[in-house]
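A.B. asks: output the structure for:
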Amino acid sequence: MKITATPFELELRYPFTISKFSRTSTPVMLVRIEHEGFTGYGEASMVPYMGESMETALAFLEKTDLSWVKFPFAFQEITDYLDSLAPGNPNIKAAIDIALHDLRGKIEGKPCYRYFGSDPALMPVTTITIGIDTPEVVIRKVKEAHMARVLKVKIGRDNDRELITTIRSVSDQPIYVDANQGWTDREAALDLIHWLHEQNVVLIEQPMARDDRDSNAWITERSPIAIVGDEAVQRLADVDLAAGVYHGINMKLMKSAGMSEGYQMILRAKELGLKVLIGCMSETSCATLAGAALAPLCDWADLDGPFLTRNNPFEDPEFRDGKWILSEQPGLGLKFRD
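C.D. replies: Alright, predicted model coming up:
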């Protein structure tokens with residue numbers, strides 16, 4: 001079994017600004033795993049706050065030996081092996097896991113979503129994200145996102161009301177908002193939440209700092225809007241810790257180290273009565289399709305990578321009525337651009 005990796009700089013259509021920083025591109029490691037004439041593809045999207053880089057990803061791959069892996073793949077055993085190499089590095093672990101799922105589907109001639117019992121008819125609408133920007137640019141972004149049935153808005157600065165009011169001047173679509181730990185005063189946050197509820201905001205991601213469990217739980221108890229843990233929920237063990245603090249979790253493949261543990265996180269969240277938002281980083285169609293394979297198991301979806309980037313090396317997946325369409329192609333159904 002052979003692993004190769006290609007560094008790639010994924011360029012964003014607009015500067016991507018959230019509560020604490022802004023960027024214009026995202027380092028991505030595209031991974032190929034070859035086995036008996038088949039090739040699986042995976043992706044590591046290394047956004048700044050996760051702490052990974054091209055250098056750390058390559059260093060991890062140099063330590064990785066999959067010569068012992070046999071088909072059919074024992075994914076839990078593989079996850080445990082990857083975690084034994086280093087405690088962190090979920091992005092590059094996700095790339096390996098995604099590639100192995102794509103490879104499995106191609107070997108068996110099955111689409112990946114079938115391995116998880118996903119029903120394409122239950123695919124939730126996905127958001128298109130509107131990053132923090134000037135009112136003029138925000139309006140332009142909203143108009144360009146005309147294919148969306150729901151918008152996601154980055155907030156967490158001192159102009160949150162202005163940003164939402166600007167969007168409401170040109171769109172009445174439901175909104176998910178993401179504070180990215182940007183709020184510090186829980187009383188002020190709750191006051192804003194009640195106003196956001198009046199603006200048809202459906203959910204709020206990570207209102208307060210991830211380590212401030214008391215404030216997040218206090219807000220959740222009083223909020224008329226679903227409160228979703230994001231930065232506070234990384235791997236499977238964090239799902240239990242989210243119970244009683246949030247209404248739901250944001251599961252991202254780049255946090256969960258791939259589809260295998262991401263699926264387990266979804267199942268555990270359901271057992272605990274937590275709702276699930278499946279989210280993404282800045283990603284190509286590769287990780288987007290991996291997320292889409294699990295999306296029908298979730299309550300909400302935020303899988304908008306292909307809409308926010310300008311040099312996606314793969315074709316955009318089929319998108320209709322605000323939803324990704326799962327294909328019957330084996331594996332992820334990924335296609336390279338001509």
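A.B. asks: please make it C-alpha for all contacts and neighbour counts, starting now.
C.D. replies: Will do.
A.B. asks: local confidence estimate at residue 133?
C.D. replies: We have a pLDDT of 89 for residue 133.
A.B. asks: gap between it and residue 287?
C.D. replies: To residue 287, residue 133 is 26 Å away according to CA to CA, to the nearest Å.
A.B. asks: for these two, work out which one has more neighbours and name it.
C.D. replies: Each of residue 133 and residue 287 has its neighbours counted (other CA atoms under 10 Å); residue 287 has more, 33 against 17.
A.B. asks: pretty sure that one contacts residue 30?
C.D. replies: No: contact criterion CA atoms under 8 Å: residue 287 and residue 30 do not qualify, at 9.9 Å.
A.B. asks: now list whatever residues contact both of the two.
C.D. replies: Common contacts of residue 287 and residue 30 (CA atoms under 8 Å, 6 or more residues apart in numbering): 42-43.
A.B. asks: all strands of the stretch 51-200 of the chain, in order?
C.D. replies: 128-130, 151-154, 175-178 (DSSP state E, counting those that start in this stretch).
A.B. asks: list the contacts of residue 287.
C.D. replies: By CA under 8 Å, 6+ apart, the neighbours of residue 287 are 42-43, 98, 253.
A.B. asks: could you list which of these belong to strands?
C.D. replies: Using DSSP state E to define strands, the subset of these located there is 42-43.
A.B. asks: in CSV: the contacts of residue 287, plus neighbour count.
C.D. replies: Shown next, in CSV, are these (neighbours: other CA atoms under 10 Å):
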residue, neighbour count
42, 27
43, 31
98, 33
253, 34
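A.B. asks: residue 247: which of the contacts of residue 287 is nearest?
C.D. replies: Distance to residue 247 across those (CA to CA) is lowest for residue 253, with 20.0 Å.
A.B. asks: was I right about that closest one contacting residue 280?
C.D. replies: Yes: counting by CA under 8 Å, residue 280 is a contact partner of residue 253 at 7.1 Å.
A.B. asks: I'd say residue 303 and residue 290 touch.
C.D. replies: No: assessed by CA under 8 Å, residue 303 is found out of contact with residue 290, at 9.9 Å.
A.B. asks: comparing these two, which residue is more hemmed in?
C.D. replies: Taking other CA under 10 Å, residue 303 and residue 290 do not tie; residue 303 has more neighbours (30 against 26).
A.B. asks: in terms of helices and strands, where is that one?
C.D. replies: Using DSSP states H and E, residue 303 sits in no helix or strand.
A.B. asks: distance-wise, check residue 327 relative to residue 252.
C.D. replies: Per CA to CA, residue 327 is found 21 Å from residue 252.
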